[in-house]
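In: what's the 3D shape of this:
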Amino acid sequence: MSLRNVGIVYRKELTEALRDSRTLISSILIPLFLFPVLTVGIGYAFVEVADQASHEASRIMVLGGADSPDVVQKLKDAKNLRIVKPRADYVDLISNKKIRAAVDLPPGFQSDVEHGAHPDVKIYIFSGDLKSMLSATRIKEQLTEYRDSMVRDRLAAQHLPDSLMKPFGVEQQNVVSEDRVAGESYGGLITYLVILMCMTGAMYPAMDLTAGEKERGTMETILSSPIERTHLVLGKFLVVLTASLATATLSVLSMAGSFAVLAHYGKGQGIGDDFPILTMHAKTAFAIFIMALPVAVLFSAVLMTISLFAKTFKEAQSYLTPMTFLVIVPAIAAVIPGIELTAKLALVPILNVGLLCKELVTGTYHWEYIALIFGCTCVYAGIALFLAVKMFQRESVLFSS
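Out: Got it, this is the predicted structure:
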């Protein structure tokens, strides 16, 4: 193999790629600005929504309660609750977010409680809606206060201390570092975005260097040059790999910078007291990059091979669309809580890297899994590259019409 010939093809294709504004946008501008925009935008929106929900009185409906005036009055006196008139279509009102919750007091509730019965109160909510769940929490707080006041009155009547209500206390305390807590919360999302950016960075150059060459009619000219097909495909492959790695590297750097800025200003504003803020250390960023390296090789080879079957750039885009879904599914699976890295999952492409990088973000280094995943991903990448070279040697693929 002549490295000189591979280098010639690589420099020629790289020079042309750098002159293409679309390649620069997809490989440089998007990864540089995507994460700051996402971090600032999503973070600002989340804080605004949470702040608005915490200061806004919840519109709720009380169903029944005509014979339980003390309980109803307790709910009406709550500053963070706003009672509306009861209606039969309360389910539709909750679904349409006209009201946030409805509390159903059974007939004779107050009397039953005073006589030692244990009636059940139902709270109807829109599960998954932040304001609806917050309203349910506020209702529970008022009902709990009402229940505790009744118990205290009964204890006082018997000349018993209030401490009987809570014979012991339970305290929950986090013993894991803030970085690991934040990594567990956001690690899956970070690895998902890195994997997606690896593929995105390789996609446009792969299509342009194969189907684009056919469409422009320059494929024949390149093939007539005194360079072996293997050298030609390796030179093109290295350009695609460069774009993929550049996108991944800029993504990791942009991500690390975004989290550093967020941590700096978030601590000053007290945001980190309620929500964990991730600090991506240089060691973590380097580890993610190393694990993303064989993934980038795999994407570059597979995308080139698939694009080579297309006659035009637009046709190549239609071929690669299903490839996007095949990558997104295992990448999203790595984000799902409860899915942990095992020996079997370490052999599943994309999913294995996603799960491992999620562990790396939390500061956990399973060296046996790192070696296994890096090795098998390199094998997959080697097979894909071998297929790419074979496809470049088939005239029926190169000159399909």
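In: Tell me the buried residues in stretch 250-265?
Out: Neighbour-count burial for stretch 250-265, counted by 16 or more other Cβ atoms under 10 Å, picks out 250-256, 258-259, 262-263. For glycine as for every other residue, the C-beta is placed from the backbone atoms N, C-alpha and C.
In: average pLDDT for it?
Out: Taken as a whole, stretch 250-265 has a mean pLDDT of 72.
In: Next: stretch 303-317.
Out: pLDDT averaged over stretch 303-317 gives 85.
In: So what touches that stretch?
Out: With Cβ atoms under 8 Å, 6 or more residues apart in numbering as the test, stretch 303-317 has contacts from 199, 202-203, 206-212, 214-215, 233, 236-237, 240, 318-320, 323, 384, 387-388, 391-392, 397-398, 400-401.
In: how distant is that stretch from the center of its chain?
Out: 29 Å (Cα atoms, centre = their mean, to the nearest Å).
In: For it, could you pull out the residues that count as buried?
Out: For stretch 303-317, burial by neighbour count (16+ other Cβ under 10 Å) applies to 303-308, 310, 313, 315-316.
In: And stretch 381-388, by the same measure?
Out: Of all the residues in stretch 381-388, those buried under the rule 16+ other Cβ under 10 Å are 381, 384-385, 387-388.
In: Can you tell me which one of these sits lowest on pLDDT?
Out: Ranked by pLDDT, these bottom out at A388 (80).
In: Let me know the helix or strand that that residue is in.
Out: For A388, the element it lies in under DSSP states H and E is helix 367-392.
In: which strands and helices sit next to that helix?
Out: For helix 367-392, the elements it packs on are helix 229-269, helix 282-308, helix 351-361, judged by 3 or more Cβ pairs under 8 Å, 6 or more residues apart in numbering; DSSP states H and E.
In: could you give the angle of the second one to helix 367-392?
Out: Spelled out, that is helix 282-308. Helix 282-308 runs at 20 degrees relative to helix 367-392, counting by axes from the mean of the first three to the mean of the last three Cα atoms, to 10 degrees.
In: what angle do helix 282-308 and helix 229-269 make?
Out: Here the directions of helix 282-308 and helix 229-269 differ by 140 degrees (the same axes, to 10 degrees).
In: Just after helix 282-308, pick out the following helix or strand.
Out: The helix or strand immediately downstream of helix 282-308 is helix 313-333, counting by DSSP H and E.
In: S149 belongs to a helix?
Out: Yes - counting by DSSP: H, G, I helix; E, B strand; the rest coil, one finds S149 located in a helix.
In: Tell me how far it lies from D162.
Out: 11 Å (Cβ to Cβ, to the nearest Å).
In: now do G257
Out: Distance, G257 to D162, by Cβ to Cβ: 53 Å.
In: And for G108?
Out: Counting by Cβ to Cβ - G108 and D162 are separated by 28 Å.
In: Which of the two has more residues huddled nearby?
Out: G108 (15 against 11; other Cβ atoms under 10 Å).
In: Where does the prediction get shaky in the stretch 301-401 of the chain?
Out: 395-401 (pLDDT under 70).
In: before we move on, back to that, could you check how far the helix holding A388 is from the centre of its chain?
Out: Mean-position distance between helix 367-392 and its chain equals 26 Å (Cα atoms, centre = their mean).
In: can you state the direction angle for it and helix 351-361?
Out: Here the directions of helix 367-392 and helix 351-361 differ by 140 degrees (the same axes, to 10 degrees).
In: one step back: of the helices and strands packed on helix 367-392, which stretch is the most buried?
Out: Greatest average neighbour count among these goes to helix 351-361 (a mean of 25), per mean count of other Cβ atoms under 10 Å.
In: if we look at that helix, which residues are touching it?
Out: Helix 351-361 has contacts (Cβ under 8 Å, 6+ apart) with 183, 186-188, 190-192, 194-195, 278, 280, 284, 287-288, 291-292, 295, 330-331, 333-335, 339-341, 345-346, 365-366, 369-370, 373, 376-377.
In: filter the contacts of stretch 303-317 to the buried ones?
Out: 199, 202-203, 206-212, 214-215, 233, 236-237, 240, 319-320, 323, 384, 387-388, 391-392, 398.
In: Tell me how many other residues surround K390.
Out: When neighbours are counted by other Cβ under 10 Å, K390 registers 13.
In: picking up where we left off before, could I get the buried residues of stretch 250-265 as CSV with distance to S21?
Out: Shown next, in CSV, are the buried residues of stretch 250-265 (distance: Cβ to Cβ, whole Å):
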residue, distance to S21
L250, 17
S251, 20
V252, 24
L253, 22
S254, 20
M255, 24
A256, 27
S258, 25
F259, 30
L262, 31
A263, 34
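In: Among these, find me the one that's closest to I8.
Out: Nearest to I8 among the buried residues of stretch 250-265: L250, at 26.8 Å, using Cβ to Cβ.
In: Find the nearest non-adjacent residue to the closest one, please.
Out: P31 (4.1 Å; Cβ to Cβ, 6 or more residues apart in numbering).
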